[in-house]
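Participant: here is a sequence together with a model predicted from it:
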Amino acid sequence: MEIRIQSVNFDATEQLKAFIEKKVSKLEKSYEDIQTIEIGLKVVKPATAMNKETSMTVMVPGSRLFVQKVCDTFEEGTDLCVDSMKVQLVKFKEKLRNN
């Protein structure tokens, strides 16, 4: 599983990258065949609340799953994205089992 982190309009700290990699790596427990995970971090409107946009794209064989959240911090956004993606991966896995 490959994890790519892109930060737009700012430089992500090593601490933030380590936090994201730790959280995102837990997705493998939900679905083993994850090929690539792309995390997009973007500051939408500087100097306002709720301006941190976190998007996550997960590539699995035959499909691409996407989730996006806007929060006060990138850590909060990452947590919410991981939670939403877990739900999507479980549904995707169930769908595969039923076919």
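Facilitator: The structure has been received and is ready for your questions.
Participant: who's in contact with the nearest residue to residue 7 once chain neighbours are set aside?
Facilitator: Distance criterion Cβ to Cβ, 6 or more residues apart in numbering; nearest residue to residue 7, sequence neighbours excluded, is residue 41 at 4.5 Å. Where C-beta positions appear, they are placed from N, C-alpha and C, glycine not excepted. Residue 41 sits next to 5, 6, 7, 8, 10, 12, 16, 52, 53, 54, 74, 77 when contact means Cβ atoms under 8 Å, 6 or more residues apart in numbering.
Participant: which residues does residue 41 bridge with?
Facilitator: Here residue 41 sits in beta bridges with residue 7, residue 54, going by DSSP bridges.
Participant: in JSON lines, list the contacts of residue 41 along with neighbour count and pLDDT.
Facilitator: Formatted as JSON lines, the contacts of residue 41 follow (neighbours: other Cβ atoms under 10 Å; pLDDT from 0 to 100):
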{"residue": "5", "neighbour count": "15", "pLDDT": "94"}
{"residue": "6", "neighbour count": "11", "pLDDT": "94"}
{"residue": "7", "neighbour count": "16", "pLDDT": "92"}
{"residue": "8", "neighbour count": "11", "pLDDT": "88"}
{"residue": "10", "neighbour count": "13", "pLDDT": "85"}
{"residue": "12", "neighbour count": "16", "pLDDT": "89"}
{"residue": "16", "neighbour count": "18", "pLDDT": "94"}
{"residue": "52", "neighbour count": "20", "pLDDT": "92"}
{"residue": "53", "neighbour count": "18", "pLDDT": "93"}
{"residue": "54", "neighbour count": "24", "pLDDT": "95"}
{"residue": "74", "neighbour count": "24", "pLDDT": "93"}
{"residue": "77", "neighbour count": "24", "pLDDT": "94"}
